[in-house]
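J.: Need coordinates for the below:
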Amino acid sequence: MKNNRVDLGLTGYNELFSSESSRNELKRPKIVDIPLSEIDDAPNHPFKVRVDEDMYKLVKSIEENGIIVPAIVRKKADGRYELVAGHRRKKACELAGIKTLKAEIRNISYDEAVVMMVESNFQRTKLLPSELAFSYKMRMDALKRQGKRTDITSSPVETKLRSDEKIAEISGNSRAQIQRYIRPTNLIPALLDMVDEDKIAFRPAVELSYLSREEQELLLDTIKCEEATPSLAQALKMKQFSKEGKLNADKILEIMCERKPNQAEKITFKAESLRKYIPRSILSPKETEEYILKALAHYRDFLKEGNK
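T.: Numbers count the residues shown, from 1 in each chain. Predicted coordinates:
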């Protein structure tokens, strides 16, 4: 019997549903054990992985219980994996001598990975100023790229404002505060390290970020020579002289040598050297201070009587 069926080029029933199943399978996150040697850290990853007490607690936890929450990676064009979230878990595995990392493979873009990486690290209780600065900057840059329009009516300023507003809305900070948080990314690494180490306060750091790289290098040399860091008032002065094109090594030294309001000379004593002279009933620092001042006043009066 002759077959009169006409091939219309339509997808068959079985093929249709098998294709849909395949697509769903591709979308479904895969959790696998990936060799550490095949995982690369995200480029420009702003968060520092510190080997401290918390890290060793994590190492012990992984040794006893394994990776409870999988890390997140994305596959790169070269077949290797890029770590999106789980840098501390990866380091802990290295310290524990474990050769693989339990991770979830996500099919996401670079910008999506940046946003995910920043959000996962924001859950930490404390971030260093540099971590906060670069994470906000990376997130804002990613949002700007994601929201960029190609039509001729698009305005770069409008895109930037939308990104600022988006981050401000998510973080609960104002747009101005977000910009202040980002400013330290303009500091040279050595000065930014001093901010992380609390040697330079955050507000002076924001003002110093407006100095040119060359001016910051001159300031760094002065900090090392004078063994002092700039106050907010001094940072503001440097910023103004820089704006006027008058900031040089001599001017930086002149500003740094100015006496700060809170730079009055302090005299300190070791607690153990004083304790033998103070009654045991006196415990608090305030009571100790009052006792010492009274003792000094009494000794001063004693000397006066002796000189009569």
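J.: So what touches stretch 238-254?
T.: 207-208, 210-212, 215, 218-219, 221-222, 226, 230, 255 (C-beta atoms under 8 Å, 6 or more residues apart in numbering). Quick note: C-beta positions are derived from backbone N, CA and C, even for glycine.
J.: Now intersect these with the strands, please.
T.: With strands identified by DSSP state E, none of the entries of the contacts of stretch 238-254 belong to them.
J.: Walk me through the domains of this structure.
T.: 12-108, 127-185, 187-256, 271-300 (automatic domain parsing).
J.: how about the strand or helix carrying Leu253: buried residues?
T.: In the assignment (DSSP states H and E), Leu253 maps to helix 249-256. Within helix 249-256, the residues that count as buried by 16 or more other C-beta atoms under 10 Å are Lys251, Ile252, Ile255, Met256.
J.: what's the average pLDDT for that helix?
T.: Helix 249-256 comes out with an average pLDDT of 94.
J.: Show me how far it is from its chain's centre.
T.: 30 Å (C-alpha atoms, centre = their mean, to the nearest Å).
J.: that older thread, which one of the domains of the chain has the poorest average confidence?
T.: Lowest mean pLDDT within the domains of the chain: domain 127-185, at a mean of 68.
J.: what's the first-to-last distance across it?
T.: For domain 127-185, the first-to-last residue distance is 15 Å (C-alpha to C-alpha, to the nearest Å).
J.: Please apply the same query to stretch 79-97.
T.: 24 Å.
J.: Any chance of the domains of the chain in CSV with distance to Val114 as columns?
T.: Listed next are those as CSV, based on distance: least, C-beta to C-beta, whole Å:
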stretch, distance to Val114
domain 12-108, 8
domain 127-185, 4
domain 187-256, 20
domain 271-300, 47
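J.: With respect to Ser120, which of those domains lies nearest?
T.: domain 12-108 (4.0 Å; C-beta to C-beta).
J.: So what does Phe47 have for phi and psi?
T.: The phi/psi pair for Phe47 (degrees, to the nearest 10) reads phi -90, psi 130.
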